[in-house]
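**Q** Return a 3D structure for these sequence lines:
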Amino acid sequence: MTAAGWVRGFVRATVLVAVVLVVPVAAGAVVGGTGGVGVSVCAALYVVLVAVRAGWGRALAALPVIAAAVLAGGVLAYSGAWVALLAALAAAAGAATVRGLGVPALLVGAAAASAPPLPADADALARVAWVLAVGAYVVLAARALRLPRVVPVPLLPRRVAAVVAVVLAAVVGACALLAQASGNRYGYWAPAAAFLMALPVPGLRVSRAALQRVLGTAAGVAAGVGVATLGVPLGVRLALAAVGIVVTVAVPRPLWLSVGTTSLALVLLLDPGGSGLVVGELRLLATAVAAVLVLAGVAVLVWLVPRLAPARGTPAT
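**A** Residues are numbered from 1 along each chain as shown. Just a heads-up that it's a prediction; the model follows:
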């Protein structure tokens, strides 16, 4: 890519981040304070990911499902029903690969896992309405920025998709159980990471993508903790987090770099006044746990799928 191409990519990424993330988050802060920010981030992030990975048309179609998932994830957070919900969404995502809807279904699951807990005195309908409003805004912005309406993906045979559904449900369910047992507010990173690791990455096997996510997380956490412990002013730290998000959008490959800049941003944003060490350690641990379980699931698929459909070949692992 030429220098001009890099500049255009970063300008486009900056506009996308400003329009799609900063505006909804700022509005959420005004309307609902800290809680509004969390819901806005969750809604905007996963709707824009669906728009980028599957097309804005599918993001629009998925809006009601994402709103329901964010509500259910918030109401059931860290309960036994939450574990069952995430496992069921994982199974649905595996089954959806038959119709080429695996990507949006996986991101719906990640949204449910990441949804901020709903306070007992909060209005459930207000949360649904806010997620729908933020999502509709993001879809309109994605269309205005000329993202594709639909991104085609390969379909899986029914028998293979059924096996993927069972294995994915087991992996995500195990991650959710561990998150529940940890009793930590950031435990959701494990099942959310499992959903994200299952997303297809063109030209990269699932197992290699999982390893790159762990390496990228470690690098991003180390960089974030290093910046935080140097006593860098808060404004500079927030600016570095914004740059990290822009780099994530502008440079999606290699995967480890994209994950690393995301981790850097999260460490600086989730612990703006501290060292970032606790947040970083938790994110790294959750990612590593998810990677181990995803790799175990991949191993099962590698062994089992050729025996179910040898004529169609094996899935990318």
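**Q** Now do stretch 216-226: everything it contacts.
**A** With C-beta atoms under 8 Å, 6 or more residues apart in numbering as the test, stretch 216-226 has contacts from 244, 255-268, 275-277, 280-281, 283-284, 287-288. Quick note: C-beta positions are derived from backbone N, CA and C, even for glycine.
**Q** Please work out the average pLDDT along it.
**A** Mean pLDDT, stretch 216-226: 81.
**Q** circling back to that earlier point, the contacts of stretch 216-226 in helices, which ones?
**A** Counting by DSSP state H, the part of those found in helices is 244, 255-268, 277, 280-281, 283-284, 287-288.
**Q** Would you list the buried entries among the contacts of stretch 216-226?
**A** Neighbour-count burial (16 or more other C-beta atoms under 10 Å) is assigned, among the contacts of stretch 216-226, to 244, 255-268, 275-276, 280, 283-284, 287-288.
**Q** Surely residue 43 touches residue 131?
**A** Yes. Under the criterion of C-beta atoms under 8 Å, residue 43 makes contact with residue 131 at 4.4 Å.
**Q** which neighbours do those two share?
**A** Shared contacts of residue 43 and residue 131, defined by C-beta under 8 Å, 6+ apart, comprise 66-67, 70.
**Q** Work out the gap between the helix or strand containing residue 178 and the centre of the chain.
**A** Assigned by DSSP states H and E, residue 178 falls within helix 158-182. The gap between where helix 158-182 is centred and where its chain is centred comes out at 16 Å by C-alpha atoms, centre = their mean, to the nearest Å.
**Q** Equivalent analysis for stretch 89-105, please.
**A** How far stretch 89-105 lies from its chain's middle: 15 Å, per C-alpha atoms, centre = their mean.
**Q** Then stretch 18-28?
**A** A distance of 18 Å separates the centroid of the chain from that of stretch 18-28, by C-alpha atoms, centre = their mean.
**Q** Any chance of the backbone angles for residue 201?
**A** phi -120, psi 110 (degrees, to the nearest 10).
**Q** Surely it and residue 207 touch.
**A** No. Judged on C-beta under 8 Å, residue 201 makes no contact with residue 207 at a distance of 11.1 Å.
**Q** Just the CA atoms of the helix or strand bottoming out on mean pLDDT in the chain, as CSV, please.
**A** Of all helical and strand segments in the chain, the minimum by mean pLDDT, DSSP states H and E falls on helix 3-17, at a mean of 73. Output of helix 3-17 as CSV, limited to C-alpha atoms (Å, rounded to 0.1, in the frame of the first residue of the first chain):
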residue,chain,number,x,y,z
ALA,A,3,1.7,6.3,1.6
ALA,A,4,-1.4,8.0,0.2
GLY,A,5,-3.3,4.8,0.7
TRP,A,6,-2.2,4.6,4.4
VAL,A,7,-3.2,8.2,4.9
ARG,A,8,-6.7,7.6,3.4
GLY,A,9,-7.1,4.5,5.5
PHE,A,10,-6.3,6.4,8.7
VAL,A,11,-8.5,9.3,7.8
ARG,A,12,-11.4,7.0,7.0
ALA,A,13,-10.8,5.1,10.3
THR,A,14,-10.7,8.3,12.3
VAL,A,15,-14.0,9.5,10.8
LEU,A,16,-15.6,6.1,11.4
VAL,A,17,-14.5,6.0,15.0
